[in-house]
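Novice: mind looking at a prediction? Sequence and model below.
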Amino acid sequence: MNSGEKWPQRKLTVGLSPASVPKSGSGFDLAVACAVLAAAERLDPSSIADLLIIGELGLDGRVRPVRGILPAVLAAADAGYRQVVVAEQTAAEAALVPGVTVLGVRSLRQLVALLTGSPVPEEDAAPVGGPVDPALAGLVLPGSILRGRPMEKPPELDLSDVVGQDTARRALEIAAAGGHHLYLKGPPGAGKTLLAERLPGLLPPLTQSEALEVTAVHSVAGLLPSDRPLIESPPYYAPHHSATMPAIVGGGSSQPRPGAVSLAHRGVLFLDEAPEFSVRVLDALRQPLESGEVVIARSAGTVRLPARFQLCLAANPCPCGRHSRRGGGCECTPTMVNRYQSRLSGPLLDRVDLQVEVEPVTRAELLGTVDTSETTKAVADRVRRARRRAVARYADTPWRTNAEVPGHTLRTRWRPAAGALTDAERDLERGLLTARGLDRVLRVAWTVADLAGHDQPTRADVQAALMLRTGFVRGRPLAGALAGRSADPDSNLGGEL
């Protein structure tokens, strides 16, 4: 009635089929209104027969946006729909789906005018949310929207800001090049968080299909900024250690919602102070780390969400943070140290490819006047070249990074150089590596080879991968093992530990 239409003077029954499928949300409002007008012969039923209509209606007749527009339009396109009507604010998001004509409207009056061929009235756009609380106006919540106010883009972080930490920086480069999970352990102030925050800047931009996947997840979660309908860069999420299981894995009491593992899909999930997280939450990461998806089962049904993310863990060695093999004044008892470190279970750490100990920054490194640190751009260029080598190698497969390839396939189809696995096989026999650990060492070795330009992993590449997993240097100096740029990769091999 507020849109200038007459309400039929009769009892109406609205049926949503199939009745066995649970329905929630306000996205049906606009379609139900059009169905009522068609039943009242105000609209020609044939004009909406093949039209997908999604939108919430306010009592003033204006159309408001709803969550999940992109996945809904993708599903509609698969079902054969070619015309879609949505709120004007979400029209750009819906237009990302190829082969679909999108019509963005501001009100029910505009839609009725378009369907009947009448002049389209001018309308003010419906607000996304209410007014911003002045007390909250200065807050910036990354990856979310504060009462309709788009969040500011965080400043660019450069790897050259990190002082020293050559081994950890190299591990960060390898993690970005191969899509590997990373565990940084060291005392407070060593630079673990600085390194993790710069990992997304080393990753290449998302492909078109990856961008649609990531955007669809954020659309369902209601976290897609109105001014950025397509997310083109890898997402980065760093939840607080007080986060609950549904917040990390996903879920909810009624309608399951994506958690941090899905919001970080194709990006980085950083768990700072990892031992402070709930043990149940940490162990729940094991399944998505292997499968790249998370399955949420509720009484109303089961939801399968993508969760192919790069996990980055950071932890102190003990509660006081000063425990190390070199001493350092740790006041924690051995029992306290063991209890603290055991919060990260063996099965979880076995799924993490790179496990690096971050040493404290020395006075010479911190106060040095000569800056020899590489920039993010220089390292990202090497990462892109290494990824292109991997993409070319796996061109006829569903994989694009070394971290995705099953270990059996690497051992049989893409074999390393003869004798390259000698050290890894010896560690397997001694119980220092599990079968899964051997596969992950081989994946990292392929990434080291890609960064060095090798056609297949050499023994030196495997030794570097082993060092980044176990912390022991085999056969040659640490710098040479990590650099991987010598003309003869086997020239520095000497005695082994």
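Specialist: Ah, there it is. Residues are numbered from 1 along each chain as shown.
Novice: which residues touch E197?
Specialist: E197 makes contact with L157, Y236, A238, F270 under the criterion CB atoms under 8 Å, 6 or more residues apart in numbering. (Glycine included, C-beta is placed from N, CA and C.)
Novice: among the residues you listed, name the ones in strands.
Specialist: Taking DSSP state E as the definition of strands, these contribute Y236, F270.
Novice: which one of the contacts of E197 is nearest to V279?
Specialist: Comparing the contacts of E197 against V279 with CB to CB places F270 closest, at 18.7 Å.
Novice: these two touch, right, the closest one and R198?
Specialist: No: shown here, F270 and R198 do not form a contact pair, counting by CB atoms under 8 Å, at 10.8 Å.
Novice: the more surrounded of these two?
Specialist: F270 (27 against 22; other CB atoms under 10 Å).
Novice: what pLDDT does the model give that one?
Specialist: The model reports F270 with a pLDDT of 96.
Novice: could you do A135 as well?
Specialist: For A135, the predicted pLDDT is 37.
Novice: with the one 3 residues further on instead?
Specialist: According to the per-residue confidence, G138 scores 36 in pLDDT.
Novice: of the contacts of E197, just the buried ones, PyMOL syntax please.
Specialist: Buried subset of those, written as a PyMOL selection, criterion 16 or more other CB atoms under 10 Å:
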select buried, resi 157+236+238+270
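Novice: quick one: which of the contacts of E197 is nearest V105?
Specialist: Nearest member of the contacts of E197 to V105, counting by CB to CB, is Y236, at 34.8 Å.
Novice: count the residues that sit near the closest residue to that closest one other than its chain neighbours.
Specialist: Residue nearest to Y236 in three dimensions, not counting chain neighbours: P200, with 4.4 Å by CB to CB, 6 or more residues apart in numbering. Neighbourhood size, P200 [other CB under 10 Å]: 21.
Novice: for whichever helix or strand P200 is part of, what is the average pLDDT?
Specialist: Taking DSSP states H and E as the definition, P200 sits inside helix 199-202. The pLDDT scores in helix 199-202 average 94.
Novice: residues of the following helix or strand past it that come out buried?
Specialist: Note on helix 199-202: by DSSP H and E, the next helix or strand toward the C-terminus is helix 208-221. Buried residues in helix 208-221, counted by 16+ other CB under 10 Å: E210, A211, L212, E213, V214, T215, A216, V217, H218, S219, V220, A221.
Novice: now swap in stretch 57-69 and tell me
Specialist: Buried residues in stretch 57-69, defined by neighbour count with 16+ other CB under 10 Å: L57, G61, R62, V63, R64, P65, V66, R67, G68, I69.
Novice: just stretch 32-50 next, same as before
Specialist: Those would be A33, C34, A35, V36, L37, A38, L43, I48, for stretch 32-50 by 16+ other CB under 10 Å.
Novice: show the backbone phi and psi for the fifth one.
Specialist: Same thing as L37. phi -70, psi -30 (degrees, to the nearest 10).
Novice: check contacts around it.
Specialist: Contacts of L37 by CB under 8 Å, 6+ apart are E5, L43, V112.
Novice: over to the fourth one?
Specialist: Remark: with contacts taken as CB under 8 Å, 6+ apart, V36 is in contact with P8, L12, V14.
Novice: wait, the residue nearest to Y236 sits on I231?
Specialist: No: contact between P200 and I231 fails when scored by CB under 8 Å: they sit 12.0 Å apart.
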